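Colleague: Next input, structure requested:
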Amino acid sequence: MVKSPQKKRKGVSKYMQYPQCTLNKLGKIMMSVDFIGPKYLKGSKDKINFLSCKYIRPKKEGIVKRVEGQTTEEAIKILKEIWQSEPIPDVLKIDNDSAFGTNLSQEMRVGRLTLFLLNLGIKPLYVTPRSPWNNRKVEGFNSVFSRKFWNKLKFTDENEIDIKIKDFNVAYEKYNNLINNNPEIEKPKYINDCKDIDLENKEVKKFKETKIYFLIIVRRKGEKAGENDYGFIDLLKQEIKLPKDLINLFVFCVLDIELKKLSIYTEGEDGKLNDLKTINFIIKNIIY
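Modeller: Down below sits the predicted model:
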């Protein structure tokens, strides 16, 4: 039996208090990344993976690169390569894939990609786990990649994939420029402008950016309508209790690793943030 696809419901994100106004104010340039794969060539058991990169604003450019594996090292390598010719974003929107995420162990610590972004002055924005629509721009781009590239063309080996994927990126850029108004970015910053930065630095006082952002849906703990049920979020292996009237709604979390504080907000109808809770929150594996 195959389930019929559910119809899209307009306004659901607004009902769930999705903090769109707050996200719009985070930075002028926002980008999203995601892994695609593994995929396979016919008759081969070798895994083929891709890193999908989609600018959300102000331009809408999308770029796909083949990677050796879904690892932090490959993600950083490709981002460095892309940012040689494309502007470094103010905000990078990512999910909690093990290569991207902060939850790399049972300890509360940030991963290499997060450190890489903080050293460059990029705001890491982690979206709700298991909710692909939170990252809909890059997910939509992934769909275009599957339909117009992977499912449409034939390849004999990885070298041919690398050649044809360049054509796909160029074609998508032309299409994007045709249907979208892509304004010029004032004083863009590129990776070559950051040669004096230690991208492996773990000292908070040397970070260009000291805040990590999380977009999380509040879940239920306990039996529904039971005496002991309450809302909670799981952040860096720490369960944080919240009022039950927030269950299934979004909260916007700001982790300030310099002040060692975690602030949790909801966005009101006026677009302003409402302060719910602020707690002490120390990240391990960082030199303060």
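
Colleague: pLDDT score for the closest residue in space to Glu68 that isn't next to it in sequence?
Modeller: In space, and not counting its chain neighbours, Glu68 is closest to Glu74: 5.6 Å by C-beta to C-beta, 6 or more residues apart in numbering. For the C-beta atoms, the positions are set from N, CA and C on the backbone; glycine is no exception. Each residue has a pLDDT score; the one for Glu74 is 95.

Colleague: my guess is Glu74 meets Lys65, correct?
Modeller: No: Glu74 sits out of contact with Lys65 when judged by C-beta atoms under 8 Å, with a separation of 9.0 Å.

Colleague: What segments of the stretch 101-250 of the chain are helices?
Modeller: With DSSP state H, counting those that start in this stretch, the ranges of helices along the stretch 101-250 of the chain come out as 112-120, 136-145, 158-179.

Colleague: Worst mean pLDDT among those helices?
Modeller: The bottom spot among the helices of the stretch 101-250 of the chain, by mean pLDDT, belongs to helix 136-145, with a mean of 85.

Colleague: residue ranges with poor pLDDT in the stretch 101-250 of the chain?
Modeller: 101-108, 129-135, 225 (pLDDT under 70).

Colleague: Recalculate using a threshold of 50.
Modeller: Residue ranges of the stretch 101-250 of the chain with pLDDT under 50: 104-106.

Colleague: any chance you could map the strands in it?
Modeller: 123-126, 211-217, 219-221, 230-235, 238-242, 250-256 (DSSP state E, counting those that start in this stretch).

Colleague: Report the buried residues of the fifth one.
Modeller: It refers to strand 238-242. Neighbour counts over strand 238-242 (16 or more other C-beta atoms under 10 Å) mark 240, 242 as buried.

Colleague: Show me what it is packed against.
Modeller: strand 230-235, strand 261-267, strand 273-280 (3 or more C-beta pairs under 8 Å, 6 or more residues apart in numbering; DSSP states H and E).

Colleague: Same list, these, but as JSON lines with mean neighbour count please.
Modeller: As requested, the helices and strands packed on strand 238-242 are exported to JSON lines (neighbours: other C-beta atoms under 10 Å):
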{"stretch": "strand 230-235", "mean neighbour count": "18"}
{"stretch": "strand 261-267", "mean neighbour count": "20"}
{"stretch": "strand 273-280", "mean neighbour count": "13"}
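
Colleague: Show me the least confident stretch of those, going by mean pLDDT.
Modeller: strand 230-235 (a mean of 91).

Colleague: circling back to that earlier point, with distance to Glu209 as added columns, please give the helices of the stretch 101-250 of the chain in a markdown table.
Modeller: Listed next are the helices of the stretch 101-250 of the chain as a markdown table, based on distance: least, C-beta to C-beta, whole Å:
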| stretch | distance to Glu209 |
| --- | --- |
| helix 112-120 | 5 |
| helix 136-145 | 21 |
| helix 158-179 | 28 |
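
Colleague: Tell me which of the ones you listed sits nearest to Glu227.
Modeller: Nearest to Glu227 among the helices of the stretch 101-250 of the chain is helix 136-145 (37.8 Å), distances taken as C-beta to C-beta.

Colleague: just checking, what packs against the closest one?
Modeller: strand 30-39, strand 48-57, strand 62-67.

Colleague: buried set for the helix or strand following the shortest one?
Modeller: In this case it means strand 62-67. Next in sequence after strand 62-67, counting helices and strands by DSSP states H and E, comes helix 72-82. Buried residues in helix 72-82, counted by 16+ other C-beta under 10 Å: 72, 74-76, 78-79, 82.
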